[in-house]
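Visitor: How does the following fold in three dimensions:
(2 chains)
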Amino acid sequence: MSNQITNNQVCVIIGASHAGVNCAFALRKEGWEGRILLFDADSTLPYHRPPLSKTYLTSEDGIEKNVLKSAESYVKSNIELHLGTKVSSINRTKNNITLTDEKVQPYDKLIIATGARPLIPPIPGISSAKHIFPMRTAMDAINIRNTFHQIKEKRVAVIGGGYIGLETAASLKKLGAEVTILEREERILARVTAPEMSDFFYGLHAQNGVKIFTKKNVISIETILEQNKVICEDGSTFLADMIIVGVGIRVNQELAMEAGLEIKNLPTGQAGGIKVNAATQTSDKNIYAIGDCTCHHNLHYDSYVRLESVQNAVDQAKIAAAAICGKNPTYDSIPWFWSDQYDVKLQMVGLSNGYDEILTRMEKEKDNCFSIWYFKGEQLLAVDAINFAKAYVLGTKFIKGGQKINKLKLVDPTVEFKPANLLAE
Amino acid sequence: MAKITFITKDDETIIVEGNAGSLMELAVENNIKGIDGDCGGVCSCATCHVHVEPQFMEKTGKANEIEKDMLEFDDHANEFSRLTCQIQVSEALDGIIVKVAN
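Guide: Presented below is the predicted three-dimensional model:
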């Protein structure tokens, strides 16, 4: 696409977090010369989300230490950032969006990067509970931090034992809280990882003094003055001065749905999202969607997935920018994730769904250093590495290359961890 | 203030100035191509990989243990490889030249 064409064109991006911001800058790198307008309802300068539940919570830092790009950077790249501005509708016939203040903004290309919002379950008493927070935005993290420092008794109940719940629990424990995690399923991280990994994190939290109770379905919360009583289905109760809700998300797909864009639903209770093709284009050729709000057909795993990760947000952002600038890109990244809890670094690559075999590789020289390998027959699907970046890196290579692994050697800690030893002949 | 030179894979030379934060943050702020810093600087993603010009290795120091683990099996890694999220910017880095690895 020549510069003369993009010169007078307008690209509008709805949502200024990892996906939206990276896409704006990627558009400039790809040569987009027209206007770029970036809207977000959040009024904070766009920031890194992963640290919110980790280092940010335990630090004294202001959010300015944690921004994706400085304010000047947007100006330098001529990206018009409109924060605290909510979009109320998309008109695909007229190619424009309407803001909640009724202003209308035309677009030539539109990118939806609206992400997701925390799910607040309809538990009786939840709306009147004291000091109850989700963990998704900078404001959530700041509120949790400030409240935590103010309250005298520091009993925290975390509802939900997923990554957000566990990371927040670890951070609050570090700050001196008495933390209890209440998980509805039979094990923590049930939806996202293997039982072996759940057991490891259960033990890690126990060692650090965090109590985890599974099979605890919270059915109501009673609040008297400053104190909450969290009541579970089995009759057990937990007193809490602060409650963190980490039970999952709702996809922000309403704008797209109302505009009639195709939505892809997923089977068995997983949230789907805005359907996009390999170039992140929606069912409307002028509209792209990227990040947590999207559902794409993953080439590597040959299935529809919706990913909640920085990797997916950033990589789809780059694809969208390239596609809009006339390239012909294909999204084929292998998904990766990470989580930091206490002194443990977990790095994950691939998608383990559908595995039929799990192998654990222990590293003999160090404690708490191992990796879990997920297979479907001979195909390596995913690797979870605990304090062992090498397994994460090699796992990524093996998955990308579709290489076959020598399983016997893999699990033998006396075999040196290097490609020549681990690949099948 | 330290002046730092980045050379990208396209052989573009960009000189930037900084006095705090990590070298990755400085590169991201200046839109250096090939330095993404996707994980925000916690040594989880290896998207901020550079080769330090040999004569400046003394100033930057060598890769730490987790960096080495992240880089050992990387096709672009060599003895001068560093992840810029693990390098703090200070006066001491003034004048160094690094080549973006990806």
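Visitor: what number of residues lie near the residue in the stretch 1-150 of chain A that chain B sits nearest to?
Guide: Going by CB to the nearest CB, chain B is nearest to A:His48 of the stretch 1-150 of chain A, at 4.1 Å. Every residue, glycine included, has its C-beta placed from N, CA and C. By the criterion of other CB atoms under 10 Å in any protein chain shown, A:His48 has 23 neighbours.
Visitor: so what's A:Thr280 closest to, chain neighbours aside?
Guide: A:Ala320 (4.4 Å; CB to CB, 6 or more residues apart in numbering or on different chains).
Visitor: Please report how far the one you found lies from chain B.
Guide: Distance, A:Ala320 to chain B, by CB to the nearest CB, to the nearest Å: 15 Å.
Visitor: element containing that residue?
Guide: Taking DSSP states H and E as the definition, one finds A:Ala320 inside helix A:310-324.
Visitor: neighbours around the nearest residue to the residue of the stretch 1-150 of chain A closest to chain B once chain neighbours are set aside, how many?
Guide: The shortest distance from A:His48 to any non-neighbouring residue, by CB to CB, 6+ apart, is to B:Gly40 (4.1 Å). Other residues lying near B:Gly40 total 23 when counted by other CB under 10 Å.
Visitor: Which secondary structure state does B:Gly40 sit in?
Guide: Here B:Gly40 takes the coil state, with states given by DSSP: H, G, I helix; E, B strand; the rest coil.
Visitor: so A:Asn223 sits right up against A:Gly125, yeah?
Guide: Small correction: residue A:223 is Thr, not Asn. Yes - look at A:Thr223 against A:Gly125 with CB atoms under 8 Å: they come within range, at 6.5 Å.
Visitor: sorry, back to before: please list all residues in contact with the residue of the stretch 1-150 of chain A closest to chain B.
Guide: Residues near A:His48 by CB atoms under 8 Å, 6 or more residues apart in numbering or on different chains: A:18, A:66-68, B:40.
Visitor: Restricting the selection to alpha carbons, write the helix holding A:Ala320 to PDB.
Guide: Only the C-alpha atoms of helix A:310-324 are listed here, as PDB (Å, rounded to 0.1, in the frame of the first residue of the first chain):
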ATOM      1  CA  VAL A 310       0.400 -10.800  26.500                       C
ATOM      2  CA  GLN A 311       1.900 -13.000  23.800                       C
ATOM      3  CA  ASN A 312      -1.400 -13.300  21.900                       C
ATOM      4  CA  ALA A 313      -2.200  -9.600  22.400                       C
ATOM      5  CA  VAL A 314       1.200  -8.400  21.100                       C
ATOM      6  CA  ASP A 315       1.500 -10.900  18.300                       C
ATOM      7  CA  GLN A 316      -2.000 -10.400  17.000                       C
ATOM      8  CA  ALA A 317      -1.400  -6.600  17.200                       C
ATOM      9  CA  LYS A 318       1.600  -7.000  14.900                       C
ATOM     10  CA  ILE A 319      -0.400  -9.200  12.500                       C
ATOM     11  CA  ALA A 320      -3.200  -6.700  12.300                       C
ATOM     12  CA  ALA A 321      -0.900  -3.800  11.600                       C
ATOM     13  CA  ALA A 322       0.900  -5.700   8.800                       C
ATOM     14  CA  ALA A 323      -2.400  -6.800   7.300                       C
ATOM     15  CA  ILE A 324      -3.800  -3.300   7.400                       C
END
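Visitor: Downstream of that helix, the next helix or strand is which one?
Guide: The element immediately downstream of helix A:310-324 (helix or strand, assigned by DSSP H and E) is strand A:336-341.
Visitor: Which elements pack onto that next one?
Guide: Judged by 3 or more CB pairs under 8 Å, 6 or more residues apart in numbering or on different chains; DSSP states H and E, strand A:336-341 is in contact with helix A:163-174, helix A:195-207, strand A:344-350.
Visitor: neighbours around A:Pro354, how many?
Guide: That one is not Pro; residue A:354 is Gly. Look at A:Gly354: counted by other CB under 10 Å, it has 11 neighbours.
Visitor: Quickly list what the closest residue to it other than its chain neighbours is bridged to.
Guide: Once flanking residues are discounted, A:Gly354 sits nearest to A:Lys376: 5.6 Å by CB to CB, 6+ apart. A:Lys376 has the following beta-bridge partners by DSSP bridges: A:Gln379.
Visitor: Also A:Lys264?
Guide: A:Gly273.
Visitor: From A:Leu423, how far out is A:Gln379?
Guide: A:Gln379 is 14 Å from A:Leu423, where distance means CB to CB, to the nearest Å.
Visitor: And the helices in chain B?
Guide: For chain B, helices defined by DSSP state H occupy the ranges B:23-29, B:57-60, B:65-71.
Visitor: pretty sure A:Ile324 contacts A:Leu27?
Guide: Yes - using CB under 8 Å, A:Ile324 is in contact with A:Leu27, at 6.5 Å.
Visitor: where do the contact lists of these two overlap?
Guide: By CB under 8 Å, 6+ apart, A:Ile324 and A:Leu27 have these common neighbours: A:Cys11.
Visitor: Could you report the separation of A:Gly160 from chain B?
Guide: When A:Gly160 is compared with chain B (using CB to the nearest CB), they lie 23 Å apart.
Visitor: For that residue, list the residues it contacts.
Guide: Per CB under 8 Å, 6+ apart, neighbours of A:Gly160: A:181-184, A:245-248.
Visitor: let's go with 7 Å and repeat that
Guide: A:183, A:245-247 (CB atoms under 7 Å, 6 or more residues apart in numbering or on different chains).
Visitor: Give me the number of neighbouring residues for the residue nearest to A:Gly354.
Guide: By other CB under 10 Å, the residues close to A:Lys376 number 15.
Visitor: Let's verify A:Ile399: helix, strand, or coil?
Guide: Following three-state DSSP, we place A:Ile399 in the helix state.
Visitor: near chain B, which residues of chain A?
Guide: Contact residues, chain A versus chain B (CB under 7 Å from any CB of the partner chain): A:25, A:29, A:48, A:50-51, A:69-70, A:73, A:310-311, A:314, A:338, A:340, A:347, A:389-390, A:393-394, A:397, A:419.
Visitor: how about 8 Å then?
Guide: Selection of chain A residues close to chain B by CB under 8 Å from any CB of the partner chain yields A:25, A:28-29, A:48, A:50-51, A:54-55, A:66, A:69-70, A:73, A:77, A:310-311, A:314, A:336, A:338, A:340, A:345, A:347, A:388-390, A:392-394, A:397, A:418-419.
Visitor: From these, which land in strands?
Guide: A:336, A:338, A:340, A:345, A:347 (DSSP state E).
Visitor: Ignoring the adjacent residues along the chain, who's closest to the last one?
Guide: Once its chain neighbours are removed from consideration, A:Gln347 has its nearest residue in A:Tyr392; the separation is 3.9 Å (CB to CB, 6+ apart).
Visitor: what sits against the spatially most central residue of chain B?
Guide: By CA atoms, centre = their mean, the mean C-alpha position of chain B lies nearest to B:Thr84, the distance being 3.3 Å. Neighbour list for B:Thr84: B:22-24, B:26-27, B:35, B:37, B:48-50, B:98 [criterion: CB under 8 Å, 6+ apart].
Visitor: Averaged pLDDT, stretch A:54-72. What do you get?
Guide: Mean pLDDT, stretch A:54-72: 90.
Visitor: Revised request: answer the last question for stretch A:182-202.
Guide: Mean pLDDT, stretch A:182-202: 95.
Visitor: Contacts for that stretch, please.
Guide: A:157-163, A:165-166, A:181, A:212-218, A:230, A:232, A:238, A:247, A:341, A:346, A:348, A:352, A:355, A:358, A:360, A:372, A:374, A:384, A:386.
Visitor: now with 6 Å?
Guide: Residues from elsewhere that reach stretch A:182-202 (CB atoms under 6 Å, 6 or more residues apart in numbering or on different chains): A:159, A:161, A:212-218, A:358, A:372, A:384.
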